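Undergrad: give me a model of this one.
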Amino acid sequence: MELNNDNWAFYADEENSVYYIDFESLSVNLSDISVRRKDGDVVFKEDVFELPVNTIYEIDFKQFGTGQYDIELRSFTGVIRRSVSIR
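TA: Below is the predicted model:
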């Protein structure tokens with residue numbers, strides 16, 4: 001199930017290739033976060049269900065290199081996706 005992703009706080013520090021996700025702005029409790037390349041390869045995955053609801057989660061894309069990626073926020077009821085382009 002695709003969740004409505006219009007209301008989640010997603011901040012980009014594009015100069016440093018770092019993205020932040022504000023858990024407090026989400027209407028669901030997350031189970032995990034994953035990052036995948038456009039070809040489907042998962043380059044990062046972390047369980048986050050034990051993190052506090054006021055967490056600001058940071059993903060540093062420098063470790064993955066340039067390209068197109070999908071950030072997937074998985075809850076127990078669905079998935080929120082956001083595409084990012086790293087130069």
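
Undergrad: please give the element, helix or strand, for the residue most central in space within the chain.
TA: Closest to where the C-alpha atoms of the chain average out (Cα atoms, centre = their mean) is I71, at 4.0 Å. Of the helices and strands defined by DSSP states H and E, I71 is found in strand 67-75.

Undergrad: any buried residues in that strand, and which?
TA: Buried residues in strand 67-75, counted by 16 or more other Cβ atoms under 10 Å: 69-75. From N, CA and C alone the C-beta is placed, and that goes for glycine too.

Undergrad: that strand pairs with which strands?
TA: Looking at strand 67-75 with DSSP bridges, its partner strands are strand 30-37 (antiparallel), strand 79-86 (antiparallel).

Undergrad: one step back: which members of the buried residues of strand 67-75 are the farthest-apart pair?
TA: Pairwise distances across the buried residues of strand 67-75 (Cβ to Cβ) peak at 19.7 Å, for the pair Y69 and S75.

Undergrad: can I get the helix or strand encompassing E46 in CSV? Just the C-alpha atoms.
TA: For E46, the host element (DSSP H and E) is strand 42-47. Below are the C-alpha coordinates for strand 42-47, written out as CSV (Å, rounded to 0.1, in the frame of the first residue of the first chain):
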residue,chain,number,x,y,z
VAL,A,42,19.3,-2.0,-2.0
VAL,A,43,22.4,0.0,-0.8
PHE,A,44,21.2,0.7,2.7
LYS,A,45,18.6,-0.6,5.1
GLU,A,46,18.1,0.0,8.8
ASP,A,47,15.4,-1.0,11.3
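
Undergrad: quick one: average confidence on that strand?
TA: Taken as a whole, strand 42-47 has a mean pLDDT of 97.
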